[in-house]
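# Just the structure for this:
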Amino acid sequence: MTRIVLVHGAFAGAWCWEPALAGIKAGGHQPEPIDLPGAGEDRTPVEEVSLDAYAARICETLAAGEPAVLAGQSMGGMAITQAAARCPERVLALVYVAAFLPAEGQSLGELVSYPEAAEDQVQANLIVEGDPPVGRLTPDGHRIAMLGCCTPEQVVWATARLGPQPVAPFAGQVTVPEANREAFEALPRAYILCSRDRAIPPAMQRRMLEERGCDQVIEIAADHWPWVSRTQEFNRALNRIVASVATSPRRE
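The predicted model follows:
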């Protein structure tokens with residue numbers, strides 16, 4: 001049984017993975033969704049939320065059990081990358097789910113400036129207010145940007161629970177401690193590409209894959225939340241990846 005730590009994206013929390021948990025367990029794996037600082041049920045103050053805080057929370061979670069596969073969605077791709085750079089010895093593999101796939105030194109803010117991200121509907125529907133700044137989507141922004149393939153019932157379920165997103169993590173740049181570099185770079189990586197995504201457009205996902213590379217890529221005709229809109233297909237993809245990537249040899 002492989003432990004899978006599930007890391008949500010912006011505006012969400014551990015709750016968002018609920019539709020996929022039974023299928024992941026049925027595949028013989030142990031899913032462990034977590035709240036990042038300031039998200040879901042976590043009450044970390046906005047001023048303490050950062051990419052480094054995300055990485056620290058993930059590494060704390062990893063330290064509490066067996067080494068695990070890290071699966072991150074959207075902004076969660078930034079978080080799992082930074083966490084794996086901090087504690088690569090606790091990570092079996094990295095799985096990116098319609099996620100940002102950064103190189104060292106890159107931030108989410110840099111990645112969304114790529115021309116392939118021009119049709120990003122999160123940016124198009126984002127309202128930023130406050131000090132420290134917090135982002136919220138317009139009333140229909142969640143459906144437009146992230147839930148386009150979901151049923152009306154699924155949209156209601158998700159939008160009722162989605163919340164604000166601290167902006168500071170968007171500026172955090174991935175850093176790799178020199179002592180961890182070899183182990184971090186050797187980690188197997190896989191990507192679930194969503195071809196109907198309007199948050200991270202498919203062209204953007206493909207550019208990141210070309211620049212950074214992954215050992216395995218599975219494409220799903222889904223929106224930004226495939227574990228909700230295409231649950232069975234997502235579970236098959238994740239279970240297949242975990243079965244192969246988690247046991248594959250480290251990169252040279």
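# Give the residue spans of the stretch 101-250 of the chain that score low on pLDDT.
246-250 (pLDDT under 70).
# mind running it again at 90?
Under the criterion pLDDT under 90, the flagged ranges of the stretch 101-250 of the chain are 139, 244-250.
# any chance you could map the helices in it?
Assignment of helices within the stretch 101-250 of the chain using DSSP state H, counting those that start in this stretch yields the ranges 108-111, 121-124, 141-146, 152-159, 181-185, 202-212, 226-229, 231-245.
# which one of those is the most hemmed in?
Across the helices of the stretch 101-250 of the chain, the average number of neighbours (mean count of other Cβ atoms under 10 Å) peaks for helix 226-229, which reaches a mean of 26. To be clear about C-beta, it is placed using only N, CA and C from the backbone, and glycine gets the same treatment.
# Contacts for that helix next, please.
16-17, 19-20, 97-98, 147-151, 154, 158, 192, 194, 220, 222-223, 233-235, 238 (Cβ atoms under 8 Å, 6 or more residues apart in numbering).
# Over to E47. Which of the three states is it?
helix (DSSP: H, G, I helix; E, B strand; the rest coil).
# So what's the residue count around it?
The burial count assigned to E47 is 11, neighbours taken as other Cβ atoms under 10 Å.
# got the phi/psi numbers for I4?
As for I4, its main-chain torsions (degrees, to the nearest 10) stand at phi -120, psi 110.
# Now, of the contacts of helix 226-229, which are buried?
The neighbour-count criterion (16 or more other Cβ atoms under 10 Å) marks 16-17, 19-20, 97-98, 147-150, 154, 158, 192, 194, 220, 222-223, 233-235, 238 among the contacts of helix 226-229 as buried.
# now, which of the residues you listed lie within strands?
Within those, residues falling in strands by DSSP state E are V97, I192, C194, I220.
# of all those, which two lie farthest apart?
For these, with distances taken as Cβ to Cβ, the pair at the greatest spread is V97 and I220 (9.5 Å).
# What residues does Q232 make contact with?
The neighbours of Q232, taking Cβ under 8 Å, 6+ apart as the test, are G23.
# And the one 10 residues further on, by the same measure?
Contact criterion Cβ under 8 Å, 6+ apart gives T2, I4, G27, H29, V69, A93, V95 as the residues in contact with V242.
# Please verify my assumption that the fourth one contacts R3.
Yes: shown here, H29 and R3 form a contact pair, counting by Cβ atoms under 8 Å, at 7.5 Å.
# picking that back up, find residues that contact each of V97 and I220.
Taking Cβ under 8 Å, 6+ apart as the criterion, V97 and I220 both touch I192, C194, P226, F234.
# Next one: the first one from R161, what distance?
What that stands for is I192. As for I192, its distance to R161 is 22 Å (criterion: Cβ to Cβ, to the nearest Å).
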